[in-house]
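Trainee: have a look; sequence and predicted model below, questions after that.
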Amino acid sequence: MARTISLDLGDSGLLGLAEGGGVFGPSPGCALVLGERLFLGEEARQRSRLSPRLVASDFWARLDADPLGPPFPQGLTSADLVHAHLESIWRKAKAGTDEVILALPGVYDESQMGVLLGITQSLAMPVGGLVDAAVAAASAGFPGERLIHLDLGLRRAVATEIRQGDSLVRERVVRIDRFGLDEIHDAQMRGAAEAFVRRERFDPLHDAGTEQQLFDRLPALLAALSREGSSTLALAAPGREVAIEFLQAEAEEWTAAFATELSQQVSLLKGHGESTSVLVSSHAARLPGLLARLAAIRGVEVVILQAEAAAAGALRGRAAVRSPSGALRFVTSLPRSDGPKGAMDKAAAILPLPPAAASAAKSGPRPTHVLLGSVARAITEEPLVVGAAPAAGVRALRLEGEVAGVSRAHCRLFESGGAAFVEDLSTFGTFLNGERVPGRAALARGDRIRVGSPGIELWLITASEG
């Protein structure tokens, strides 16, 4: 029976969705060239730390006919690897398929789209239309006059601004080429490895085998930290097993610069006074600390999209995406939906925020001051650093006397997006209402912050209701 399939061609994981059911992928945009053998997708990723110089992960981002150069075989191009990778998905999906709708990153130029369409023609792929992946993902129906779709590829981040009226219209695409998932994963690898060196005098990056172990186990560790706030990672070293406990705050620190830059970009794109939904791709949502930063922006509703969101949107909107025969066009607007209803729409439904991010968006009276004894200090956008010896030149609340477990700069309090937050900066931990703060947490009037042991307590108060 004839059918339509959609292919989301993001390099962080090629994914196909078939009309009537069936998912192909995801297959990450990773290739490993070992002599005459070519490994693609997950097979390549699982070997990537064993032969790192022979790994290519930028071919979907480049999508050109320029040679990759040494150490790859002479004449091998990124287009060759795109052809091989797309063919590996098409082999599984083509039986009974008479139409393919492609969801593409909004950063491709006409030359790259031309190369891609040449590849699909060589594969005899019946492409019926092309649509911006961010617009497709947003078409399930979300609240707000403005939507901002945030995605992370292997080599870059992309923020897409979409205006929502009777239809969804792409207005602006901002590409951040300074980092992508590859750089984020490398930072996480270095951070975790440094923790092993400090605590156990064991360097997992010294040996390719343990480096690959660390690379393979990091995603599960990060997921556990997001859920629980702490988790243990064990690695098999020669003659022994080495295990250490990690905290969510540590993982957030490894990649804090990336999460900060993405949230700042969203703040710049968000219109003043407009209700905005920030649609976070499944890849971007795994960046520690990002969701909490986004949730703290005034007037923003954070939505986590499932991995199939773009492919589901392309399939659902295929009637509007289809191009006249022989005249393919790249669609950047789609009809607006009233919200997820059907089976395919559920792939784009809102997922619940992880506990750490949800706590950052909690409601309730915002505290305006922190009270220590009889001294009240205002909580403003300029952070207030609390500790035994805060640095000169910063707003500070100095804790006098000898108290065990208090760092020089122990924590900081600040206002952002109409909410108040505490962020732990210490080695020993900051406790909010008796529970350790996993990186940062939102504050409400009446909350208590404890630092040190047995501890100094700070009270959160609202000095003025106006």
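Mentor: Noted; the coordinates are in hand. Numbers count the residues shown, from 1 in each chain.

Trainee: pLDDT score assigned to His272?
Mentor: Looking at His272, its pLDDT stands at 69.

Trainee: for Ala358, same thing?
Mentor: Here, the pLDDT recorded for Ala358 equals 47.

Trainee: Three-state assignment for the residue nearest to Ala389 when sequence neighbours are not counted, please.
Mentor: Of all residues not flanking Ala389 in the chain, Arg408 sits nearest, at 4.3 Å (C-beta to C-beta, 6 or more residues apart in numbering). No exception for glycine: its C-beta is placed from N, CA and C like everyone else's. What DSSP: H, G, I helix; E, B strand; the rest coil gives for Arg408 is coil.

Trainee: was I right about Arg408 contacting Ala392?
Mentor: No. Between Arg408 and Ala392 there is no contact under C-beta atoms under 8 Å: 11.6 Å.

Trainee: Glu301: which element?
Mentor: strand 300-304 (DSSP states H and E).

Trainee: next SSE after that strand?
Mentor: Sequence-wise, the next helix or strand downstream of strand 300-304 (DSSP H and E) is helix 309-316.

Trainee: which strands or helices does the very next helix or strand once past that following helix pack on?
Mentor: Proceeding N to C from helix 309-316, the next assigned helix or strand is helix 318-321, under DSSP H and E. With contacts defined as 3 or more C-beta pairs under 8 Å, 6 or more residues apart in numbering; DSSP states H and E, helix 318-321 has these neighbours: strand 97-104, strand 127-132, strand 333-335.

Trainee: closest to Val33 out of these?
Mentor: Closest of those to Val33 is strand 97-104, at 25.4 Å (criterion: C-beta to C-beta).

Trainee: quick one: the closest one to chain centroid distance?
Mentor: Its chain's C-alpha centre and that of strand 97-104 lie 26 Å apart, by C-alpha atoms, centre = their mean, to the nearest Å.

Trainee: buried sites along it?
Mentor: For strand 97-104, burial by neighbour count (16 or more other C-beta atoms under 10 Å) applies to Thr97, Glu99, Val100, Ile101, Leu102, Ala103, Leu104.

Trainee: how about the residue nearest to Ala389, what does it touch?
Mentor: Arg408 sits next to Gly387, Ala388, Ala389, Pro390, Ala391 when contact means C-beta atoms under 8 Å, 6 or more residues apart in numbering.

Trainee: from those residues, which is closest to Gly153?
Mentor: Using C-beta to C-beta, these come closest to Gly153 at Ala391, 37.5 Å.

Trainee: count of neighbours near the nearest residue to the closest one once chain neighbours are set aside?
Mentor: Closest residue to Ala391 apart from its sequence neighbours, by C-beta to C-beta, 6+ apart: Ala409 at 6.7 Å. Around Ala409 there are 16 other residues, counting by other C-beta atoms under 10 Å.

Trainee: rewinding a little: and the helices and strands packed on helix 318-321: which comes nearest Leu305?
Mentor: Nearest to Leu305 among these is strand 97-104; the distance by C-beta to C-beta comes to 12.5 Å.

Trainee: pairing partners for the closest one, with directions?
Mentor: Applying DSSP bridges, strand 97-104 is found paired with strand 3-8 (parallel), strand 127-132 (parallel).

Trainee: identify the residues contacting the first one?
Mentor: Applying C-beta under 8 Å, 6+ apart, the set of residues contacting strand 3-8 from outside is 14-20, 22, 24, 89, 93, 96-103, 128, 133, 136, 308, 310-312, 314-315, 318.

Trainee: what about the strands in the stretch 151-300 of the chain?
Mentor: Secondary structure of the stretch 151-300 of the chain (DSSP state E, counting those that start in this stretch): strands at 157-164, 167-176, 230-237, 240-247, 276-280, 300-304.

Trainee: of the ones you listed, flag the one that's most buried.
Mentor: Of all the strands of the stretch 151-300 of the chain, strand 276-280 carries the top mean neighbour count, a mean of 25, counting by mean count of other C-beta atoms under 10 Å.

Trainee: now do that one against helix 309-316, angle only.
Mentor: Orientation note: strand 276-280 sits at an angle of 110 degrees relative to helix 309-316 (axes from the mean of the first three to the mean of the last three C-alpha atoms, to 10 degrees).

Trainee: show me what strand 276-280 is packed against.
Mentor: Using 3+ C-beta pairs under 8 Å, 6+ apart, the elements in contact with strand 276-280 are helix 133-138, strand 146-152, helix 290-295, strand 300-304.

Trainee: hmm, 7 Å instead?
Mentor: When contacts are defined as 3 or more C-beta pairs under 7 Å, 6 or more residues apart in numbering; DSSP states H and E, strand 276-280 packs onto strand 146-152, helix 290-295, strand 300-304.

Trainee: in TSV, list the ones you listed along with mean pLDDT.
Mentor: TSV is the format used below for the helices and strands packed on strand 276-280 (pLDDT from 0 to 100):
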stretch	mean pLDDT
strand 146-152	94
helix 290-295	86
strand 300-304	86
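
Trainee: okay if I get the ones you listed as JSON lines plus distance to Phe330?
Mentor: Below are these laid out as JSON lines (distance: least, C-beta to C-beta, whole Å):
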{"stretch": "strand 146-152", "distance to Phe330": "16"}
{"stretch": "helix 290-295", "distance to Phe330": "28"}
{"stretch": "strand 300-304", "distance to Phe330": "25"}
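
Trainee: least trustworthy helix or strand in the protein by mean pLDDT?
Mentor: helix 355-360 (a mean of 48; mean pLDDT, DSSP states H and E).

Trainee: next SSE after that one?
Mentor: For helix 355-360, the succeeding helix or strand toward the C-terminus, using DSSP H and E, is strand 369-372.

Trainee: next up, the contacts around Phe179.
Mentor: By C-beta atoms under 7 Å, 6 or more residues apart in numbering, Phe179 lies in contact with Ala157, Phe258.

Trainee: contacting residues for the residue most central in space within the chain?
Mentor: Most central in the chain under C-alpha atoms, centre = their mean is Ala284, positioned 1.4 Å from the mean C-alpha point. Contacts of Ala284 were listed using C-beta under 7 Å, 6+ apart, and they are Leu150, Asp151, Leu152, Leu290.

Trainee: PyMOL command for the buried members of the residues you listed?
Mentor: Filtering the contacts of Ala284 down to the buried ones (16+ other C-beta under 10 Å) takes a single PyMOL command:
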select buried, resi 150+151+152+290
